[in-house]
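1. I'll drop the sequence and a predicted model, then ask my questions.
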Amino acid sequence: MRGKRKIAAISAAATLALGGLAACGGDGDDSGSGDGGDGSVYYLNFKPEQEEAWKDVAAAYEEETGVNVKIVTAASGTYQQVLKTELAKSDGPTLFNINGPVGYQTWQDYTLDVTDEEFTQHLSDPTMAVTGEDDRIYGVPFATEGYGIIYNDAIMQQYFETDGAKASSVDEINNFDVLKAVTDDMQAKKDDLGINGVFAATSLAPGEEWRFQTHLANYPVFYEFRDEGVDDSADLKGTYGDNYQDILDLYLTNSTIDPKLTSSATVTDSMAELALGQAAMVQNGNWGWSQISEVSGNTVAEEDIHFLPIYMGVEGEEEAGIAIGTENFLSVNSQASEADQQASIDFANWLFTTENGTKMASEDLGFIAPFDTFTDLAPSDPLGKEVVEYMNNDDLYTVNWVFTVFPSQDYKNGLGELLAQYAAGNSEWSDVIDFMTDQWNAEKAAAN
């Protein structure tokens, strides 16, 4: 297990967020009026892997307050299009996610000012919120998350006992050269280790490629921004393009599948391979534990699941932790009826400020929520616990989530298409980097 670094303020990033006034607390002393009138709540969920947990939360709230909460989940990679369609309806979502400042520019006509709402007032760091030109809050972060390379320690320990192993413990894997030496050797010994490949399938099917066109692409952009001392740039140079290629190539060559098959591989396929013991590692986030543990026939013990930082050959990366941030911010639909707006605010207040709500947010949804009401709540899943440890390890630097300033979803989709073509051998890496930089610069210029 490795450490983690405290975040003073997570850069303009986002995960999920909600709004609300207090409604029926858990211990009888914090119950609110829940004065949403005849209003109801419709939340458009961003994460398919959390759908059942959200439905459990909705059912608990409805039982406690009598207010109906509808949960609709967009398929992976389709959220922006589904949101566009649903917001055009008269009975559209009353709560939805915006992807940071870029998302706010798209959806600002539908976002309600929630600056003074109770749950917003409990943010541990209000600067994490998405604000408009008037400095009012229109998007509220609700979950801090982390991602890296998830590994099955049982398989790693088995490897360390083999003749000629390139490391004797995971602690020795602290840069790209060692990671490559170890995974190349493990791939050569995959039959002895009883696996089909070191890394689970790289999912580059349309709508499934977000781990690589967003999360992995975050790395070269983060390091370039860090060098230049900026949080965003209208001129992306691609300084770390070769490093991006090196880590992707490592995934592709030491995989359970032929690189030519990645364009049809899904995230579900990938997580199932790890869960069934067919792979030793997979790039994903703390939300992945539920995907692993719930696979029928899962062979991975909870105590064997851990994070390893993503290394790509950057100087000084021995001091890197995992990538930590927040990707989506909760907004209340400003064009919903006042009753539905109030019902949605009540729901958010319940979820983020009351005993029952915060308990479900932490335990069922697995949130490491950036509110002072969660101070004594710790995630129960193994990967969530490790995110907290990395956050509090001052010896390591955090790789911030900067993909919230990527120009658009179309930009990420285009990058994903080129990654799939590259993996299949139908395009050169230079095509990927040319698109990554030229399209970035063109879209940023157009936006300005």
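-> Good, I have the coordinates.
2. Break down the stretch 251-400 of the chain into its strands, ranges please.
-> Taking DSSP state E, counting those that start in this stretch as the test, the strands found in the stretch 251-400 of the chain are 279-285, 305-308, 320-325, 329-332, 397-400.
3. Ok, which of those comes nearest D56?
-> In terms of CB to CB, the element of the strands of the stretch 251-400 of the chain nearest to D56 is strand 329-332, at 18.2 Å. Bear in mind the C-beta positions are built from the backbone N, C-alpha and C, glycine included.
4. So in that sheet, which strands flank that closest one, and in what orientation?
-> Here strand 329-332 is paired, per DSSP bridges, with strand 95-98 (antiparallel), strand 137-141 (antiparallel).
5. Now do the same contact list for V230.
-> Taking CB atoms under 8 Å, 6 or more residues apart in numbering, we find V230 in contact with no residue.
6. Dihedrals phi and psi, it?
-> phi -130, psi 160 (degrees, to the nearest 10).
7. quick one: it from I195, how far?
-> Using CB to CB, to the nearest Å, one gets 41 Å for the distance from V230 to I195.
8. cool, E417 as well?
-> 30 Å.
9. Run through this structure and note the low-pLDDT ranges.
-> 1-37 (pLDDT under 70).
10. quick check: longest helix of it.
-> helix 429-447 (DSSP state H).
11. that older thread, please say which of E417 and I195 ends up with more neighbours.
-> Using other CB atoms under 10 Å as the criterion, E417 and I195 rank with I195 on top: 26 against 18.
12. correct me, but the more buried one touches A279?
-> Yes. In this structure, I195 is within contact of A279 by CB atoms under 8 Å, at 5.9 Å.
13. list residues touching both of the two?
-> What both I195 and A279 touch, as defined by CB under 8 Å, 6+ apart, is the set T256.
14. Can you list the residue ranges for helices in the stretch 1-150 of the chain?
-> 51-65, 79-87, 100-107, 118-121 (DSSP state H, counting those that start in this stretch).
15. Please parse the chain into its domains.
-> What automatic domain parsing lists as the domains of the chain is 41-144+326-375, 147-324+401-447.
16. Turn those into TSV, including distance to K385.
-> As requested, these are exported to TSV (distance: least, CB to CB, whole Å):
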stretch	distance to K385
domain 41-144+326-375	10
domain 147-324+401-447	9
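17. one step back: just name the most buried of the helices of the stretch 1-150 of the chain.
-> Each of the helices of the stretch 1-150 of the chain was scored by mean neighbour count; the highest is helix 118-121, a mean of 22, by mean count of other CB atoms under 10 Å.
18. That one - contacts with which helices or strands?
-> strand 137-141, helix 338-353 (3 or more CB pairs under 8 Å, 6 or more residues apart in numbering; DSSP states H and E).
19. wait, which of these is closest to K89?
-> helix 338-353 (12.7 Å).
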